[in-house]
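Trainee: the sequence isn't on hand, but the structure is:
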């Protein structure tokens, strides 16, 4: 299998279109070739005129641990070109930074979830490129969560840096494919191309999206492995709650819990409410103590989600429903539990974080409605999932 960056480097005819043009690279630590050379080094070695580098959330170096930690602009110490942060003073490329290149290569490893901000950064880059007459090439990479679709569609008026448009939480597309959808959905007049992956089989075991021949490198500090990528469409909702998502542990966004949670009772209640929503994975009750972030230094009881091993069923696993069910079970066990965390999430100051994450209040309202049953959430969600399957079909490249 060859990712987009590998195909570009191997095929001189692809690189010919870059000759005589200034090239920018949007990258992070996971932007590497098959032999683990960083894409910037590989492109420079191949003779590409890289005139600027851009970094998404967590920075080109991937050094910033938490959300809403901004990266500065700087000068690359090896090659001397400017490095522009798209998660610092600005989220969108400025006119000044757009003047430094003719073609931008986007080489970002995504995890297949609407809220993962590389999706929105791609949209902002495409919009800026349309406004400034620049070209954008996505050097495509696999979606490690594969093709499954899950979650409510983002509602009008709920667009944010974690919600680039009306797609469900688990979109099942690559960044290259999403770029085509953005261009069509927003009617962008932009020179857009995808250097496609060769040999990707998103439904093939054992990776179901992630090839077992490639090394996993964290695209962000807390995206440590494929299990995280599979679970993330559900566990990311924990960022809008008082429950720990495992930041400050060695397995963030694969687990959840708090000092005042009875993990075994919670799992049992989840099984009672909707056992079909727990298919395809194994839940294990655990203890953990975060070294930082929520509940730092406190012993927490929690649940680990194993979307891996012999029990993993890719088609059956539904992480968004699983996490929603955990919230519902906690509400049943402790109706007054202070579940929702009220803070400015990704600079949205007038909305609850859980609603920003879900692109509307429907998930929270279902959790808080004592009379609402799992079937009521399905009734809202299944039509959204079916509609997205139809919408995305013409944009799929693989």
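Mentor: Great, that's in hand. These numbers were taken from a predicted model, which means no experiment stands behind them.

Trainee: and the helix or strand bottoming out on mean pLDDT in the chain, what does it pack onto?
Mentor: Least confident helix or strand, the chain: strand 74-75 with a mean of 93, by mean pLDDT, DSSP states H and E. Contacts defined by 3 or more CB pairs under 8 Å, 6 or more residues apart in numbering; DSSP states H and E place strand 74-75 against strand 82-85. In this view, the C-beta of every residue, glycine as well, is placed from N, C-alpha and C.

Trainee: now the helix or strand following the strand it packs on: buried residues?
Mentor: Toward the C-terminus, strand 82-85 is succeeded by helix 95-98 as the next helix or strand (DSSP states H and E). Using 16 or more other CB atoms under 10 Å as the test for burial, helix 95-98 gives 97-98.

Trainee: what about residue 247, neighbour count?
Mentor: Applying other CB atoms under 10 Å, we find 21 residues neighbouring residue 247.

Trainee: for residue 172, see how far away the closest residue to residue 210 other than its chain neighbours is.
Mentor: Excluding its sequence neighbours, the residue lying closest to residue 210 (CB to CB, 6 or more residues apart in numbering) is residue 144, at 4.0 Å. Distance, residue 144 to residue 172, by CB to CB, to the nearest Å: 11 Å.

Trainee: shared neighbours, these two?
Mentor: Residues within reach of residue 144 and of residue 172 at once, by CB atoms under 8 Å, 6 or more residues apart in numbering, are residue 112.

Trainee: of those two, which one has the most company?
Mentor: Per other CB under 10 Å, whichever of residue 144 and residue 172 has more neighbours is residue 144, with 26 against 23.

Trainee: isn't the more buried one up against residue 212?
Mentor: No. Counting by CB atoms under 8 Å, residue 212 is not a contact partner of residue 144; they are 11.4 Å apart.

Trainee: can you give me the strands in the stretch 251-398 of the chain?
Mentor: Using DSSP state E, counting those that start in this stretch, the strands of the stretch 251-398 of the chain run over residues 255-258, 282-288, 300-306.

Trainee: does anything pack onto the second one? Which helices or strands?
Mentor: Spelled out, it's strand 282-288. Other elements packing on strand 282-288 under the criterion 3+ CB pairs under 8 Å, 6+ apart are strand 255-258, helix 263-273, strand 300-306.

Trainee: which residues are in contact with the nearest residue in space to residue 337 that is not next to it in sequence?
Mentor: Counting by CB to CB, 6+ apart, residue 330 is the residue found nearest to residue 337 once chain neighbours are left out, at 5.6 Å. Taking CB under 8 Å, 6+ apart as the criterion, residue 330 is in contact with 261, 266, 337, 339.

Trainee: now the first one: how far from residue 269?
Mentor: Using CB to CB, residue 261 is found at 11 Å from residue 269.

Trainee: just the last one next, same as before
Mentor: In this structure, residue 339 and residue 269 are separated by 14 Å, where distance is defined by CB to CB.

Trainee: number of nearby residues for residue 72?
Mentor: As a burial measure, residue 72 scores 11 neighbours (other CB under 10 Å).

Trainee: so, low pLDDT: which residues of this structure?
Mentor: Within the chain, the segments meeting pLDDT under 70 span 62-70.

Trainee: so what's the residue sitting nearest the centre point of the chain up against?
Mentor: Nearest residue to the geometric centre of the chain (CA atoms, centre = their mean): residue 116, 2.9 Å. Counting by CB under 8 Å, 6+ apart, residue 116 touches 110, 220, 232, 236.

Trainee: recalculate using a threshold of 7 Å.
Mentor: residue 110 (CB atoms under 7 Å, 6 or more residues apart in numbering).

Trainee: cool, and the one 5 residues further on?
Mentor: By CB under 7 Å, 6+ apart, residue 121 lies in contact with 56, 86.

Trainee: figure out the helix or strand that it lives in.
Mentor: Element membership for residue 121 (DSSP H and E) is helix 118-132.

Trainee: from the chain's centre, how far out does that helix sit?
Mentor: In terms of CA atoms, centre = their mean, to the nearest Å, the centre of helix 118-132 is found 17 Å from the chain centre.

Trainee: thinking again about what came up before, more crowded one of residue 261 and residue 269?
Mentor: Neighbour count, other CB under 10 Å: between residue 261 and residue 269, residue 261 has more, with 22 against 18.

Trainee: who's the nearest residue to the more buried one once chain neighbours are set aside bridged to?
Mentor: Leaving out its chain neighbours, the residue that sits closest to residue 261 by CB to CB, 6+ apart is residue 301, at 5.0 Å. Under DSSP bridges, the beta-bridge partners of residue 301 are residue 258, residue 287.

Trainee: mind checking how far residue 301 is from residue 245?
Mentor: Taking CB to CB, one finds residue 301 at 15 Å from residue 245.

Trainee: between these two, which one's more packed in?
Mentor: Relative neighbour count places residue 245 above the other of residue 301 and residue 245, with 26 against 18, counting by other CB under 10 Å.

Trainee: so what's residue 266 up against?
Mentor: Listed by CB under 7 Å, 6+ apart, the contact partners of residue 266 are 303, 326, 329-330, 333.

Trainee: picking up where we left off before, point out the most buried one among the helices and strands packed on strand 282-288.
Mentor: Among the helices and strands packed on strand 282-288, strand 255-258 has the highest mean neighbour count (mean count of other CB atoms under 10 Å), at a mean of 26.

Trainee: could you list every helix and strand that that strand packs against?
Mentor: strand 282-288, strand 300-306 (3 or more CB pairs under 7 Å, 6 or more residues apart in numbering; DSSP states H and E).

Trainee: what does it rub up against?
Mentor: Residues from elsewhere that reach strand 255-258 (CB under 7 Å, 6+ apart): 235, 238, 242-246, 263, 286, 288, 295, 300-305, 326.
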